[in-house]
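Peer 1: Let me see the structure of the following:
(one chain, ligands or ions: 1)
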Amino acid sequence: MRAAGKRIAFAPTMGALHPGHVSLIKIGLAKADVAASSIFVNPTQFAANEDLATYPRAEDSDLAKLEAAGCSFCYCPSPTEIYPPGDSTRVKVKDLSHILEGEVRPHFFEGVASVVSRLFLHVAPDVAVFGEKDYQQLLVIRRMVQDMGFPIEIVGGPTLREDDGLAMSSRNAYLSAEQRAQAAGLSHVMRETAGKLEAGESIRTVTQAAADALLVTGFASVDYVEARRADTLAPFGQDTAPVGASGRLLVAARMGTTRLIDNMGFVRR
Ligand code: PAF
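Peer 2: Presented below is the predicted three-dimensional model:
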């Protein structure tokens, strides 16, 4: 395809594909001539106590979904193709990797940056598409691409939601029927909170109220509810977002033992 001068889009995944992943392929196809994907459950982005061993795997149905979406290639490397014997190189994106998700999962973004940089070298796409569901990951990858000079355009794909508002995620499969019903409360609380932030209410008050509401909804614990600048994820430095500012509301909370993350954009009126 490259020799034929085709523009190649790439949407890397860890498999267990849902319509959100399929939408990334479609976005890629709108930006390029052919779409490629990858399925690789990346061990370096999981801590020892996390769900690497149980992460949902469904390669046959994933490949069928990719083909049906118009994806022409899927790279399914073995762990040693990505991390050769003796491997000792890691990619660290400073600052952005150590806030929010990075505070709770200190290993995570180093694992993501290390695998994505290798996938980029192996696949050599012209454009790569990442879901906004993992908003901080999208910013970390943009930063890495800019800093390392990868000649790749990074595109964000909007989060796809179930009918009740729950953001689509492979990890939703871990939820029991009761937890799944309660989990819908996350997007409702977030939508309400984003509305208050747009209206200029106190960031401290509304994020604390959101955390309390999540606990009432049935979440076992809340790692964070934060309203940050959309472009850098830096705090606003004052208790209301300045008029016209673009912000991002980011939440991580546990429903039972399942950790759910979500985020929404807002613009201060
Ligand atoms: O978002 C994901 O599925 C993963 O973090 C990624 C980008 C495929 C890297 O393993």
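Peer 1: What does the pLDDT read for Tyr229?
Peer 2: Residue 229: Arg, not Tyr. Here, the pLDDT recorded for Arg229 equals 98.
Peer 1: Would you indicate which residues of the host helix or strand of Ala211 are buried?
Peer 2: Here Ala211, judged by DSSP states H and E, is contained in helix 203-217. Buried residues in helix 203-217, counted by 16 or more other Cβ atoms under 10 Å: 203, 206-207, 209-211, 213-214, 217. Backbone N, C-alpha and C define where each C-beta goes, glycine included.
Peer 1: How about stretch 107-122?
Peer 2: Result for stretch 107-122 [16+ other Cβ under 10 Å]: buried residues 108-120.
Peer 1: TSV for those residues, including pLDDT?
Peer 2: Output for these, formatted as TSV (pLDDT from 0 to 100):
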residue	pLDDT
Phe108	98
Phe109	98
Glu110	98
Gly111	98
Val112	99
Ala113	99
Ser114	98
Val115	99
Val116	99
Ser117	98
Arg118	98
Leu119	99
Phe120	98
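Peer 1: ok, those vs Ala35, which is closest?
Peer 2: Leu119 (14.3 Å; Cβ to Cβ).
Peer 1: does the closest one count as helix, strand or coil?
Peer 2: Taken by DSSP: H, G, I helix; E, B strand; the rest coil, the conformation at Leu119 corresponds to helix.
Peer 1: list the contacts for it?
Peer 2: 10, 12, 38, 40, 75, 82 (Cβ atoms under 8 Å, 6 or more residues apart in numbering).
Peer 1: So the residue nearest to the first one when sequence neighbours are not counted: helix, strand or coil?
Peer 2: The spatial neighbour of Phe10 that comes closest, neighbours along the chain excluded (Cβ to Cβ, 6 or more residues apart in numbering), is Pro125 at 3.5 Å. For Pro125, the reduced secondary structure class is coil; criterion used: three-state DSSP.
Peer 1: Noted, bye for now.
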